[in-house]
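Colleague: output the structure for:
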Amino acid sequence: MRLKAFKLVNFRGYQKASMQIQDFTTLVGINDSGKSTIFEALDIFFGNSKIDSFDRNINHQGEDVQLIGVFDQLPKTLTIEDIPTSLQEEYLLNTEGDLEIKQVFSGATMKMSEYIVANFPSSPGVQGIHTLKIKDLRKNFKDSLADIDSRVSSQIRKAVLTQATSTSELKLIDIALNGTGEMKDISKKIHEELPVFQLFKADRDNSDSDSEVQDPIKAIVKSTIADSADIRQELSDVVEKVQAAVQKTTGRTLAMLREMNQGLASELQADFASPKWESLFKFSLETDSGIPLAKRGSGVRRLILLNFFRAEARKRIEEAQDVGGHTMDVIYAFEEPETSQHPSYQQMLIESFLDMTNSPHVQVLITTHSPAIAEIVPIDGLHLVEKVGSREP
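Modeller: Model (predicted):
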């Protein structure tokens, strides 16, 4: 999938804003104009960092925060229980035929609800169809089962929804992604297809656990996992085995709890979050002089980032000829690549970014204050971020 657009509602200084995302997107603007806010909102959207109540727009404290991603270049099929279907057949695309995912953060705890904004049949009878299990689909739509395989839930939904479009108009609605029934499996597949997002910030602490040193390692792990279907499958198998074992133990625990407190036991349910594998691999880099890399100057440390991207660019170019297998999409967001770098290094970094975006499956987003960089990046992805008077940007 490719990120096509991103929208923010009531997030920090933004009351409402949207921007188109290209393969190479550059944000320019003065300090405190809201460039980093967009990157940090994307980081939250892709699940790498958490939102809190201070991220809500100060002038709209009673309103929800919304982060919305629009994606194109979608997978042709989604396999649910070994049966292929598609987002188009499930009527889960917006009016432009794109996948639009809306995250809504509500209340003091900023609880997140996630939706697909879908151009969906308005007939009341098909609302919530994705939350139904196959026995309920057969029961509710028994008159639509002729000439289809009623053992396959996606075939039932396709027939019912196709019929509904002939008797009712399509309207944009929010369909909960964290719903029950088949939607739970659809949601899992969609999230597996979302791009990997890696953010490199300009302001880093100078310590042994410096994120500026560790982030290239995390990015290497992320991109390695994303590019290897075999590794992803093995890790998925590990997660499923651990999850099954944990749920078995949890089930026994709840069964014992019911003997003591039926009400409390009925309120509890197991919730298993998949691990962030890139955070499990930690190691340090030392120079020949014995000085830890974290103690070297920021320019030296950011050279590690530069050469990570150069290595990624070369790998992507080499892989461009390989059309076999399934490669995950990756988005690299880099704040102020000119920071602490000689102009020649800045040029090399931008050239590496350009090489990467000329290959499939990669998008690059940067912020910059440098006129020299703004002159050489693709103009179709150049955005000026500015405040309008004292209002939000």
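Colleague: ranges for the helices of the stretch 201-350 of the chain?
Modeller: Using DSSP state H, counting those that start in this stretch, the helices assigned to the stretch 201-350 of the chain run over residues 211-227, 229-260, 262-267, 298-319, 343-357.
Colleague: which of those has the lowest average pLDDT?
Modeller: Per-segment mean pLDDT for these reaches its minimum on helix 211-227, at a mean of 63.
Colleague: mind listing what's buried in stretch 13-21?
Modeller: Buried residues in stretch 13-21, defined by neighbour count with 16 or more other Cβ atoms under 10 Å: 13-15, 17, 21. Glycine gets a C-beta too; all of them are placed from N, C-alpha and C.
Colleague: with adjacent residues omitted, what lies nearest to residue 40?
Modeller: residue 49 (7.0 Å; Cβ to Cβ, 6 or more residues apart in numbering).
Colleague: same list (the buried residues of stretch 13-21) but as TSV, adding distance to residue 35 and pLDDT.
Modeller: Converted to TSV, the buried residues of stretch 13-21 look like this (distance: Cβ to Cβ, whole Å; pLDDT from 0 to 100):
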residue	distance to residue 35	pLDDT
13	11	90
14	12	93
15	17	92
17	12	94
21	14	97
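Colleague: find the nearest non-adjacent residue to residue 115, please.
Modeller: Nearest to residue 115 is residue 174, by Cβ to Cβ, 6+ apart, at 4.0 Å.
Colleague: mind listing what that neighbour touches?
Modeller: 102, 115-118 (Cβ atoms under 8 Å, 6 or more residues apart in numbering).
Colleague: then residue 103?
Modeller: 45, 66-68, 112-115.
Colleague: any quick PyMOL command for the buried ones out of those residues?
Modeller: This is how PyMOL selects the buried members of the contacts of residue 103, with burial counted by 16+ other Cβ under 10 Å:
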select buried, resi 45+66+67+68+112+114+115
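Colleague: so which of the contacts of residue 103 sit within helices?
Modeller: Applying DSSP state H to these, the entries found in helices are residue 45.
Colleague: return the closest of the contacts of residue 103 with respect to residue 349.
Modeller: residue 45 (25.1 Å; Cβ to Cβ).
Colleague: hmm, residue 66 and that closest one touching each other?
Modeller: No - using Cβ atoms under 8 Å as the test, residue 45 is too far from residue 66 to be in contact (10.2 Å).
Colleague: quick one: low-confidence ranges for the stretch 101-250 of the chain?
Modeller: Within the stretch 101-250 of the chain, the stretches with pLDDT under 70 are 202-220, 223, 226-227.
Colleague: quick check: the most centrally placed residue in the chain vs residue 329, distance?
Modeller: For the chain, the residue nearest the mean C-alpha position is residue 46 (3.2 Å; Cα atoms, centre = their mean). Going from residue 46 to residue 329 by Cβ to Cβ, to the nearest Å gives 11 Å.
Colleague: joint contacts of these two?
Modeller: With Cβ under 8 Å, 6+ apart, residue 46 and residue 329 have common neighbours 195-196.
Colleague: what about residue 3, which helix or strand?
Modeller: strand 2-11 (DSSP states H and E).
Colleague: where's that strand relative to the chain centroid, distance-wise?
Modeller: Chain-centre distance of strand 2-11: 11 Å, with Cα atoms, centre = their mean, to the nearest Å.
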